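[1] structure, please.
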Amino acid sequence: MVLDIYIWLAYRLHALKGDVGVSWPSLFAQFGAGYGRLRDFRAGFTGGMELALAVYPEAQVSIDEKGITLIPGLADQNPCAHSRKPRDMIVQGWPTSLFQASQQWSTRLS
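    Numbers count the residues shown, from 1 in each chain. Alright, predicted model coming up:
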């Protein structure tokens, strides 16, 4: 689900003109196929969002009881900021896999 969240964030944040709220039931309908209860999905989605944000640090997202709020940043409104070629990302020191990103994230939390 982490890769799905990352792709969804990259797509949605690029198209936003202002803050957009997305409710937990809406997120559950889109991403929650493997979960039986919204409560379980919410915990899994929040963990997946943390990993996705580790490799997309400029994404601005607020998580609360109602759902999440997507907040477009300056980089999301700049068309030149969307040319992330894998080779350029490696040169700039970006993690090359979600595993590496999760390792960096867990190191930051310690």
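[2] could you pull out the strands for the protein?
    In the chain, the strands defined using DSSP state E lie at 20-23, 60-63, 67-71.
[3] quick one: mean pLDDT over the second one.
    This means strand 60-63. Per-region confidence: strand 60-63 scores 92 on mean pLDDT.
[4] and stretch 25-32, which residues are buried?
    Across stretch 25-32, burial judged by 16 or more other Cβ atoms under 10 Å covers 27-28, 31-32. The way it works is simple: take the backbone N, C-alpha and C, and place the C-beta from them, glycine included.
[5] closest to S62 out of those residues?
    Distance to S62 across these (Cβ to Cβ) is lowest for L27, with 13.6 Å.
[6] tell me how far the closest one lies from I63.
    10 Å (Cβ to Cβ, to the nearest Å).
[7] where are the low-confidence patches of the chain?
    In the predicted model, the chain carries pLDDT under 70 at residues 74-110.
[8] mind listing the helices in it by residue range?
    Ranges of helices within the chain are 2-15, 24-31, 38-55, 74-77, 86-91, 98-109, based on DSSP state H.
[9] so what's the residue count around G48?
    Per other Cβ atoms under 10 Å, the neighbour tally for G48 reads 18.
[10] same question, A43
    Counted with other Cβ under 10 Å, residues neighbouring A43 total 12.
[11] if we can go back for a sec, any idea which of the strands of the chain is most buried?
    Highest mean neighbour count among the strands of the chain (mean count of other Cβ atoms under 10 Å): strand 67-71, with a mean of 17.
[12] any idea how far E58 lies from R42?
    Distance, E58 to R42, using Cβ to Cβ: 24 Å.
[13] ok, I5 next?
    Counting by Cβ to Cβ, the gap from I5 to R42 is 13 Å.
[14] returning to that earlier point: tell me which of the strands of the chain lies nearest to Y11.
    Proximity to Y11 (Cβ to Cβ) singles out strand 67-71 among the strands of the chain, at 10.6 Å.
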